[in-house]
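J.: from the sequence below, what's the structure:
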Amino acid sequence: MDLGDARFFCVDVETTGLNVKEDEIVAFACIPIRGGKIIVHEAYYTLVKSRNYRIDSMKYHGISEGDLEKMPTFEEVAGEILERTEGVLIGHSVEFDHEFLRNHFEKIGIRLKRETVDIVRIEEWLGEKTGRRAFDLTLDGLMKKYGLRSYYRHNAFADAFFTAQIFQFELPELSQLGVTRLNQLIRLSRGSLKIWRYLLPG
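T.: Numbers count the residues shown, from 1 in each chain. Take a look at the predicted model:
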(Lines give C-alpha, C1' and ligand atoms only; values in the text may rest on other atoms or scores of the structure.)
Protein backbone atom coordinates (compact mmCIF):
# COMPACT_ATOMS: atom_id res chain seq x y z
CA MET A 1 0.00 0.00 0.00
CA ASP A 2 1.26 3.48 -0.89
CA LEU A 3 1.71 5.88 2.03
CA GLY A 4 -0.80 8.23 0.42
CA ASP A 5 -3.48 5.55 0.64
CA ALA A 6 -2.78 4.51 4.24
CA ARG A 7 -5.00 5.44 7.16
CA PHE A 8 -2.84 6.98 9.89
CA PHE A 9 -4.03 8.02 13.33
CA CYS A 10 -1.87 10.18 15.57
CA VAL A 11 -2.66 9.18 19.13
CA ASP A 12 -1.74 10.38 22.58
CA VAL A 13 -2.81 9.39 26.06
CA GLU A 14 -2.45 11.06 29.43
CA THR A 15 -2.15 8.67 32.35
CA THR A 16 -1.93 8.52 36.13
CA GLY A 17 1.67 7.27 35.85
CA LEU A 18 4.13 5.28 33.76
CA ASN A 19 3.28 1.78 35.01
CA VAL A 20 1.35 0.13 32.18
CA LYS A 21 -0.06 -2.60 34.42
CA GLU A 22 -1.18 -0.42 37.33
CA ASP A 23 -1.77 3.12 36.09
CA GLU A 24 -4.77 4.35 34.13
CA ILE A 25 -5.58 6.42 31.06
CA VAL A 26 -7.26 9.71 31.97
CA ALA A 27 -7.33 11.28 28.49
CA PHE A 28 -7.20 10.01 24.92
CA ALA A 29 -6.81 11.86 21.64
CA CYS A 30 -6.77 10.68 18.06
CA ILE A 31 -6.15 12.75 14.91
CA PRO A 32 -6.46 11.08 11.48
CA ILE A 33 -4.10 11.70 8.58
CA ARG A 34 -4.98 10.63 5.05
CA GLY A 35 -3.14 11.53 1.88
CA GLY A 36 -0.66 13.49 3.97
CA LYS A 37 -3.43 15.77 5.27
CA ILE A 38 -4.62 16.19 8.86
CA ILE A 39 -8.38 15.58 8.97
CA VAL A 40 -9.16 17.98 11.79
CA HIS A 41 -12.96 17.61 11.67
CA GLU A 42 -12.59 13.88 12.39
CA ALA A 43 -10.35 14.38 15.42
CA TYR A 44 -11.46 12.81 18.69
CA TYR A 45 -10.70 13.68 22.30
CA THR A 46 -12.11 12.46 25.58
CA LEU A 47 -11.31 12.51 29.25
CA VAL A 48 -11.59 9.12 30.94
CA LYS A 49 -12.79 8.53 34.48
CA SER A 50 -10.11 6.99 36.69
CA ARG A 51 -10.79 4.40 39.39
CA ASN A 52 -7.56 5.11 41.26
CA TYR A 53 -6.58 8.71 40.53
CA ARG A 54 -3.06 9.75 41.51
CA ILE A 55 -2.84 13.42 42.38
CA ASP A 56 0.91 13.59 41.72
CA SER A 57 0.25 12.95 38.01
CA MET A 58 -1.62 16.25 37.79
CA LYS A 59 1.68 18.13 37.59
CA TYR A 60 2.21 16.58 34.14
CA HIS A 61 -1.21 16.81 32.51
CA GLY A 62 -3.16 19.29 34.67
CA ILE A 63 -6.21 17.01 34.85
CA SER A 64 -7.75 16.97 38.31
CA GLU A 65 -9.85 14.24 39.88
CA GLY A 66 -12.79 16.64 39.74
CA ASP A 67 -12.35 17.02 35.98
CA LEU A 68 -12.91 13.28 35.62
CA GLU A 69 -15.83 12.89 37.99
CA LYS A 70 -18.58 12.95 35.33
CA MET A 71 -16.49 11.58 32.48
CA PRO A 72 -17.05 8.16 30.86
CA THR A 73 -15.03 5.12 31.95
CA PHE A 74 -12.63 3.49 29.52
CA GLU A 75 -15.09 0.67 28.97
CA GLU A 76 -17.72 3.22 27.91
CA VAL A 77 -15.46 4.82 25.27
CA ALA A 78 -13.64 1.66 24.17
CA GLY A 79 -15.90 1.08 21.17
CA GLU A 80 -15.41 4.64 19.95
CA ILE A 81 -11.64 4.35 20.33
CA LEU A 82 -11.58 1.06 18.43
CA GLU A 83 -13.61 2.55 15.58
CA ARG A 84 -11.48 5.68 15.39
CA THR A 85 -8.13 3.86 15.28
CA GLU A 86 -8.77 1.47 12.37
CA GLY A 87 -5.38 1.93 10.78
CA VAL A 88 -1.76 2.62 11.71
CA LEU A 89 -1.10 4.38 15.02
CA ILE A 90 1.43 7.22 14.89
CA GLY A 91 2.93 8.71 18.00
CA HIS A 92 5.90 10.11 19.86
CA SER A 93 7.26 7.12 21.81
CA VAL A 94 4.11 5.48 20.49
CA GLU A 95 4.72 2.15 22.23
CA PHE A 96 3.87 3.89 25.51
CA ASP A 97 0.44 4.88 24.21
CA HIS A 98 -0.06 1.55 22.45
CA GLU A 99 0.83 -0.52 25.51
CA PHE A 100 -1.55 1.46 27.72
CA LEU A 101 -4.36 1.10 25.18
CA ARG A 102 -3.68 -2.59 24.65
CA ASN A 103 -3.63 -3.27 28.39
CA HIS A 104 -6.87 -1.34 28.98
CA PHE A 105 -8.61 -3.22 26.17
CA GLU A 106 -7.30 -6.52 27.50
CA LYS A 107 -8.88 -5.80 30.88
CA ILE A 108 -12.32 -5.60 29.25
CA GLY A 109 -11.78 -8.68 27.11
CA ILE A 110 -10.84 -7.05 23.80
CA ARG A 111 -7.64 -7.66 21.87
CA LEU A 112 -6.24 -4.50 20.29
CA LYS A 113 -4.05 -5.22 17.30
CA ARG A 114 -2.63 -2.20 15.50
CA GLU A 115 0.55 -1.46 13.58
CA THR A 116 2.52 1.43 15.07
CA VAL A 117 4.98 3.97 13.70
CA ASP A 118 7.10 6.15 15.97
CA ILE A 119 8.06 9.65 14.83
CA VAL A 120 11.19 9.40 17.00
CA ARG A 121 12.36 6.30 15.14
CA ILE A 122 11.63 8.08 11.84
CA GLU A 123 13.82 10.98 12.98
CA GLU A 124 16.61 8.57 13.94
CA TRP A 125 16.37 6.87 10.55
CA LEU A 126 16.32 10.16 8.65
CA GLY A 127 19.37 11.28 10.62
CA GLU A 128 21.21 8.06 9.79
CA LYS A 129 20.43 8.43 6.08
CA THR A 130 21.11 12.15 5.69
CA GLY A 131 23.79 12.72 8.31
CA ARG A 132 21.63 15.49 9.80
CA ARG A 133 20.89 14.01 13.20
CA ALA A 134 18.44 15.68 15.56
CA PHE A 135 20.09 16.05 18.96
CA ASP A 136 16.88 16.59 20.93
CA LEU A 137 14.28 13.95 20.13
CA THR A 138 11.79 14.90 22.81
CA LEU A 139 8.49 16.17 21.46
CA ASP A 140 9.51 19.71 22.42
CA GLY A 141 12.82 19.22 20.61
CA LEU A 142 11.15 17.99 17.43
CA MET A 143 8.63 20.82 17.56
CA LYS A 144 11.50 23.28 17.73
CA LYS A 145 13.25 21.57 14.81
CA TYR A 146 10.17 21.95 12.60
CA GLY A 147 9.31 25.46 13.76
CA LEU A 148 6.16 24.54 15.67
CA ARG A 149 5.15 26.85 18.49
CA SER A 150 4.85 25.10 21.84
CA TYR A 151 1.82 26.95 23.15
CA TYR A 152 0.12 24.12 25.03
CA ARG A 153 1.80 20.87 26.02
CA HIS A 154 0.99 17.70 27.98
CA ASN A 155 -2.57 17.82 26.78
CA ALA A 156 -3.49 14.69 24.81
CA PHE A 157 -5.21 16.58 21.98
CA ALA A 158 -2.47 19.19 21.63
CA ASP A 159 0.32 16.61 21.72
CA ALA A 160 -1.46 14.40 19.17
CA PHE A 161 -1.86 17.43 16.89
CA PHE A 162 1.81 18.41 17.24
CA THR A 163 2.77 14.81 16.47
CA ALA A 164 0.56 14.87 13.37
CA GLN A 165 2.27 18.05 12.15
CA ILE A 166 5.73 16.56 12.68
CA PHE A 167 4.69 13.42 10.79
CA GLN A 168 3.52 15.66 7.94
CA PHE A 169 7.01 17.18 7.75
CA GLU A 170 8.63 13.73 7.82
CA LEU A 171 6.54 12.21 5.03
CA PRO A 172 8.10 14.12 2.09
CA GLU A 173 11.60 13.47 3.46
CA LEU A 174 10.79 9.76 3.62
CA SER A 175 9.49 9.85 0.06
CA GLN A 176 12.66 11.56 -1.20
CA LEU A 177 14.67 8.73 0.37
CA GLY A 178 12.59 6.06 -1.31
CA VAL A 179 10.15 5.21 1.48
CA THR A 180 6.84 5.33 -0.36
CA ARG A 181 5.13 2.14 0.82
CA LEU A 182 3.48 1.41 4.15
CA ASN A 183 5.41 -1.82 4.71
CA GLN A 184 8.68 0.10 4.28
CA LEU A 185 7.63 2.66 6.88
CA ILE A 186 6.57 0.03 9.39
CA ARG A 187 9.79 -1.90 8.88
CA LEU A 188 12.06 1.09 9.44
CA SER A 189 10.06 2.07 12.52
CA ARG A 190 10.78 -1.29 14.14
CA GLY A 191 14.22 -0.24 15.31
CA SER A 192 15.67 -0.84 18.76
CA LEU A 193 14.07 2.29 20.18
CA LYS A 194 13.51 2.23 23.95
CA ILE A 195 9.96 3.46 24.46
CA TRP A 196 10.66 5.48 27.60
CA ARG A 197 13.76 7.15 26.20
CA TYR A 198 12.22 10.36 24.91
CA LEU A 199 8.92 10.33 26.75
CA LEU A 200 9.67 13.21 29.07
CA PRO A 201 12.09 16.10 28.59
CA GLY A 202 15.25 16.32 30.69
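J.: how close does the closest residue to Ala43 other than its chain neighbours get to Ala156?
T.: Distance criterion CB to CB, 6 or more residues apart in numbering; nearest residue to Ala43, sequence neighbours excluded, is Ile31 at 4.6 Å. In this view, the C-beta of every residue, glycine as well, is placed from N, C-alpha and C. Distance of Ile31 to Ala156, computed by CB to CB, to the nearest Å: 10 Å.
J.: okay, the residue nearest to Gly4 when sequence neighbours are not counted and Leu3: tell me how far apart.
T.: Excluding its sequence neighbours, the residue lying closest to Gly4 (CB to CB, 6+ apart) is Gly35, at 5.2 Å. Applying CB to CB, the value for Gly35 to Leu3 is 9 Å.
J.: buried sites along the helix ranked longest in the chain?
T.: Longest helix in the chain, counting residues (DSSP state H): helix 156-176. Across helix 156-176, burial judged by 16 or more other CB atoms under 10 Å covers 156-167, 170-171, 173-174.
J.: and the next helix or strand past the lowest-mean-pLDDT helix or strand in the chain?
T.: Least confident helix or strand, the chain: helix 58-61 with a mean of 68, by mean pLDDT, DSSP states H and E. Downstream of helix 58-61, the next assigned helix or strand under DSSP states H and E is helix 65-68.
J.: buried ones in that following helix?
T.: In helix 65-68, counting by 16+ other CB under 10 Å, buried: 67-68.
J.: average pLDDT for whatever helix or strand comes next after it?
T.: Downstream of helix 65-68, the next assigned helix or strand under DSSP H and E is helix 74-84. The average pLDDT within helix 74-84 is 96.
J.: mean confidence score for the next helix-or-strand element following helix 74-84?
T.: For helix 74-84, the following helix or strand on the C-terminal side (DSSP H and E) is strand 88-91. Per-residue pLDDT values across strand 88-91 average out to 97.
J.: so which elements touch strand 88-91?
T.: strand 7-15, helix 94-107, strand 116-118, helix 156-176 (3 or more CB pairs under 8 Å, 6 or more residues apart in numbering; DSSP states H and E).
J.: low-confidence ranges, this protein, go.
T.: Applying pLDDT under 70 to the chain flags residues 56-60, 151-154, 191-202.
J.: could you work out the end-to-end span of stretch 18-33 for me?
T.: In stretch 18-33, first residue to last residue: 27 Å (CA to CA, to the nearest Å).
J.: ok, back up a step: for my notes, please list the helices and strands packed on strand 88-91 in JSON lines and give distance to Thr138 for each entry.
T.: Below are the helices and strands packed on strand 88-91 laid out as JSON lines (distance: least, CB to CB, whole Å):
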{"stretch": "strand 7-15", "distance to Thr138": "14"}
{"stretch": "helix 94-107", "distance to Thr138": "13"}
{"stretch": "strand 116-118", "distance to Thr138": "13"}
{"stretch": "helix 156-176", "distance to Thr138": "11"}
